[in-house]
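Asks: need a structure here:
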Amino acid sequence: MTDTSWQPDPSGLKQIIELLKESQNPDTNVQQQVQHKLEQLNHYPDFNNYLIYVLTKLGNEADEPTRSLSGLILKNNVKAHFHLFPPNVKLFIKRECLGCIGDASALIRATIGILITTISSKDGLASWPEILPQLCQLLDSQSFTVCEGAFGALQKICEDSGDVLDSEELDRPLNYLIPKFIKFFKHDHAKIRSHALACVNQFIVSRNQSVMINIDSFLEGLFSLANDEDTEVRRHICRALVMLLEVRADRLMPNMGNIIEYMMVRTQDTDELVSLEACEFWLTLSEQSICKEVLAPYLNRLIPILVNGMKYSELDIILLKGDIEDDEDRPDNEQDIKPRFHKARTHGGSHVSGASGDVDSDEDGVEDTDDDDAISDWNLRKCSAASLDVISNVFCDEFLPVLLPLVNEKLFHPEWEEKESGILVLGAIAEGCMTGMIPHLPQLLPFLIECLSDKKTLVRSITCWTLSRYAHWVVQQPHDKYLQVLMTELLKRVLDPNKRVQEAACSAFATLEEEACTELVPYLGFILQSLVFAFSKYQHKNLLILYDAIGTLADSVGHHLNKPEFIELIMPPLISKWNALRNEDRDLPFTGMPIFYSNSSPGWICPIH
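Replies: Next up is the predicted model:
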């Protein structure tokens with residue numbers, strides 16, 4: 001049998017189609033049965049022929065989801081054991097992929113592209129020497145579907161096998177691919193332009209020689225697309241400019257003014273994926289020595305853009321459950337709880353990393369504190385806040401004449417979302433503009449402390465974080481001016497009925513502990529009473545943060561904690577929590593806690609055996 005003569009058995013084909021349709025049944029038992037049957041069918045050498053046949057030949061007899069599923073099952077089989085496929089089966093699959101890459105269905109074209117790149121990665125491009133020349137030739141097809149299918153496959157190959165494309169073994173195919181990709185920047189169809197940009201972008205950061213040789217035509221093509229209306233094209237343009245700024249800022253300098261203007265517009269794009277890509281430009285620019293020189297003329301226009309980008313979107317608020325106030329009685333989802341290990345904190349401010357006032361884990365030994373995976377992802381709010389943070393470190397107090405009027409307007413805005421973003425701004429600039437902020441802090445600190453009692457959960461939580469950014473200044477003032485009231489109000493929020501606020505307050509209080517150190521000794525009894533009471537309120541996730549705050553307290557005050565009245569206060573709830581744990585969980589809350597093990601507190605040895 002040759003690869004060209006294979007034809008499916010009609011009854012076998014019908015059986016497989018029915019099986020593929022059954023696998024889309026949401027019933028778990030049905031899915032398990034189908035999976036078992038599929039595993040059995042894998043023992044037949046030509047089963048994969050049936051799968052590629054369903055994918056590529058049954059456009060009128062099977063629906064798109066069924067055909068695509070057939071291709072994805074085949075892809076998994078290729079990944080698992082392509083080396084065991086008979087040569088004629090390999091040849092048949094490869095031929096069918098290329099023959100149907102222009103399928104009328106975008107879903108099927110994408111599935112075929114995934115299959116092609118999986119074969120290329122698993123078997124090696126050298127074992128399929130005709131694939132790149134044939135795909136490249138198909139780019140010139142007058143058929144949009146053929147061109148788009150070929151480009152989709154090439155984009156996936158660039159993503160998965162980029163290093164191989166620049167290898168001598170294949171005679172460096174990028175030498176002819178990159179110039180060809182650039183020519184398609186001017187294609188009539190936006191999807192093709194998007195593919196072409198994505199392919200070239202894959203090789204910028206590595207400073208690929210072919211890209212650098214063609215950088216003039218690349219830049220010309222990018223600039224010609226400045227007014228493109230397609231969101232995917234705009235996103236790839238922004239990404240390209242950000243990466244070029246990182247690796248070849250010198251080539252952007254002659255057009256830097258126009259690029260900054262373009263990026264300010266795109267940072268306000270109605271499509272958040274585009275605006276996020278553009279906002280990355282400011283983060284990257286802040287790392288360049290040219291930042292202050294090139295950005296200074298635009299600062300008064302850029303700052304409002306970044307500040308406006310820090311406001312929660314409606315979707316953010318929904319995902320964060322921002323309208324839910326009292327949720328302390330609601331158990332945590334165990335899968336959302338990350339292992340948490342106490343580390344000694346380092347003094348100094350922590351850089352902004354997120355929309356909830358998160359802090360970098362390498363700065364303070366604490367992981368990001370977002371409740372919701374959906375909002376913990378990098379987004380425009382977080383990128384805008386981080387950009388404001390790093391740019392404020394470049395311009396320092398020069399920032400403030402433009403920024404402070406905007407912040408003042410937001411802090412007293414009737415909409416709580418605006419107020420919350422203004423508080424986030426104050427936290428973001430704390431490190432870079434601290435000197436210039438000091439004259440304002442006597443009026444600002446009481447206002448922020450008052451915001452700790454705001455009726456909105458997200459306002460209370462961000463205020464905790466922002467106040468922690470000014471903790472270093474607070475502890476340098478007379479205790480009765482700010483430290484005592486801040487400590488008292490933060491401890492109230494440690495006992496807040498909302499879990500997000502509990503979390504933010506616990507983390508903020510730990511920062512205050514590390515800044516104040518032994519300045520907290522006179523208040524240890526009061527502090528421990530509040531922290532001990534939190535044991536009765538906290539769910540699992542926040543208990544881990546509470547343990548960290550207690551560990552930081554032990555680090556900060558040292559032997560002052562080693563008194564009988566403090567031991568009698570803190571040990572009963574700790575022992576109670578320990579006894580309530582399952583055996584497999586007993587390492588989580590106590591791992592590395594200096595309250596038991598710290599050299600600074602040698603008397604605090606865990607009495608549990």
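Asks: list every C-alpha atom in stretch 560-570, with coordinates, as PDB.
Replies: Listed next in PDB are the C-alpha coordinates belonging to stretch 560-570 (Å, rounded to 0.1, in the frame of the first residue of the first chain):
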ATOM      1  CA  HIS A 560      11.200  41.300  73.200                       C
ATOM      2  CA  LEU A 561       8.600  38.800  72.200                       C
ATOM      3  CA  ASN A 562      10.000  36.100  74.500                       C
ATOM      4  CA  LYS A 563       7.900  36.900  77.600                       C
ATOM      5  CA  PRO A 564       5.500  34.600  79.400                       C
ATOM      6  CA  GLU A 565       2.400  36.800  78.900                       C
ATOM      7  CA  PHE A 566       3.000  37.000  75.100                       C
ATOM      8  CA  ILE A 567       3.700  33.200  74.900                       C
ATOM      9  CA  GLU A 568       0.500  32.500  76.800                       C
ATOM     10  CA  LEU A 569      -1.400  34.800  74.400                       C
ATOM     11  CA  ILE A 570      -0.100  33.400  71.100                       C
END
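Asks: buried ones in that stretch?
Replies: Going by neighbour count (16 or more other Cβ atoms under 10 Å), the buried part of stretch 560-570 is 560-561, 566, 569-570. Where C-beta positions appear, they are placed from N, C-alpha and C, glycine not excepted.
Asks: and if you look at stretch 234-254?
Replies: For stretch 234-254, the buried set under the neighbour-count rule, 16+ other Cβ under 10 Å, comprises 234-246, 248-249, 252.
Asks: looking at these, which are in helices?
Replies: The members of these that map onto helices under DSSP state H are 234-246, 249, 252.
Asks: before we move on, the earlier item: which one among the buried residues of stretch 234-254 gets closest to residue 317?
Replies: In terms of Cβ to Cβ, no member of the buried residues of stretch 234-254 lies closer to residue 317 than residue 235, at 24.6 Å.
Asks: contact partners of stretch 76-95?
Replies: If you take Cβ atoms under 8 Å, 6 or more residues apart in numbering as the criterion, stretch 76-95 is touched by 1-4, 6, 42, 45-46, 48-49, 51-52, 74, 115, 118-119, 122-123, 128, 131.
Asks: how long is that stretch from one end to the other?
Replies: 18 Å (Cα to Cα, to the nearest Å).
Asks: give the buried residues for it.
Replies: By neighbour count, with 16+ other Cβ under 10 Å as the criterion, the buried positions of stretch 76-95 are 77-78, 82, 85, 88-90, 92-94.
Asks: distance to residue 186 added to the residues you listed, as a markdown table?
Replies: Conversion of the buried residues of stretch 76-95 to a markdown table gives the following (distance: Cβ to Cβ, whole Å):
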| residue | distance to residue 186 |
| --- | --- |
| 77 | 40 |
| 78 | 35 |
| 82 | 38 |
| 85 | 41 |
| 88 | 42 |
| 89 | 41 |
| 90 | 38 |
| 92 | 37 |
| 93 | 35 |
| 94 | 32 |
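Asks: from these, which land in strands?
Replies: Secondary structure assignment (DSSP state E) places none of the buried residues of stretch 76-95 within strands.
Asks: now, which of these lie within helices?
Replies: Judged by DSSP H, the buried residues of stretch 76-95 include 77-78, 88-90, 92-94 as members of helices.
Asks: distance to residue 257 for those residues - can I get that in JSON lines?
Replies: Below are those laid out as JSON lines (distance: Cβ to Cβ, whole Å):
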{"residue": "77", "distance to residue 257": "54"}
{"residue": "78", "distance to residue 257": "50"}
{"residue": "88", "distance to residue 257": "61"}
{"residue": "89", "distance to residue 257": "58"}
{"residue": "90", "distance to residue 257": "54"}
{"residue": "92", "distance to residue 257": "57"}
{"residue": "93", "distance to residue 257": "52"}
{"residue": "94", "distance to residue 257": "50"}
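Asks: pull out the buried residues from stretch 31-40.
Replies: Of the residues in stretch 31-40, those with enough neighbours to count as buried (16+ other Cβ under 10 Å) are 34, 38.
Asks: ok, now stretch 521-529?
Replies: Neighbour counts using 16+ other Cβ under 10 Å place 523-524, 527-528 of stretch 521-529 among the buried residues.
Asks: helices of the stretch 1-150 of the chain, start to end?
Replies: Secondary structure of the stretch 1-150 of the chain, counting by DSSP state H, counting those that start in this stretch: helices at 10-22, 28-41, 47-57, 64-81, 87-99, 106-123, 131-138, 144-160.
Asks: turn those into JSON lines, including distance to residue 319 and mean pLDDT.
Replies: Formatted as JSON lines, the entries for the helices of the stretch 1-150 of the chain read as follows, by distance: least, Cβ to Cβ, whole Å; pLDDT from 0 to 100:
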{"stretch": "helix 10-22", "distance to residue 319": "34", "mean pLDDT": "88"}
{"stretch": "helix 28-41", "distance to residue 319": "27", "mean pLDDT": "85"}
{"stretch": "helix 47-57", "distance to residue 319": "36", "mean pLDDT": "92"}
{"stretch": "helix 64-81", "distance to residue 319": "28", "mean pLDDT": "92"}
{"stretch": "helix 87-99", "distance to residue 319": "39", "mean pLDDT": "93"}
{"stretch": "helix 106-123", "distance to residue 319": "28", "mean pLDDT": "95"}
{"stretch": "helix 131-138", "distance to residue 319": "40", "mean pLDDT": "95"}
{"stretch": "helix 144-160", "distance to residue 319": "28", "mean pLDDT": "96"}
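Asks: wait, isn't residue 97 in contact with residue 116?
Replies: Yes: between residue 97 and residue 116 there is a contact at 5.3 Å, judged by Cβ atoms under 8 Å.
Asks: about what we covered before: so which of the buried residues of stretch 560-570 belong to helices?
Replies: Where the buried residues of stretch 560-570 overlap with helices, as defined by DSSP H, the overlap consists of 566, 569-570.
Asks: which of these lies closest to residue 199?
Replies: In terms of Cβ to Cβ, no member of these lies closer to residue 199 than residue 570, at 59.9 Å.
Asks: need the contact list for the closest one.
Replies: So residue 570 contacts 528, 531-532, 550, 595 (Cβ under 8 Å, 6+ apart).
Asks: again, only using 10 Å
Replies: 528-529, 531-532, 535, 550, 553-554, 561, 595, 604 (Cβ atoms under 10 Å, 6 or more residues apart in numbering).
Asks: and if you look at residue 237?
Replies: Going by Cβ under 10 Å, 6+ apart, residue 237 touches 185, 193-194, 197, 201, 221-223, 225-226, 228, 230, 262-263, 266, 274, 277-278.
Asks: where are the low-confidence patches of the protein?
Replies: Within the chain, the ranges that satisfy pLDDT under 70 run 1-4, 322-325, 327-329, 331-376, 581-609.
Asks: hmm, back to that, out of the buried residues of stretch 76-95, the closest to residue 465 would be?
Replies: Lowest distance from residue 465 to those (Cβ to Cβ) belongs to residue 78, with 47.8 Å.
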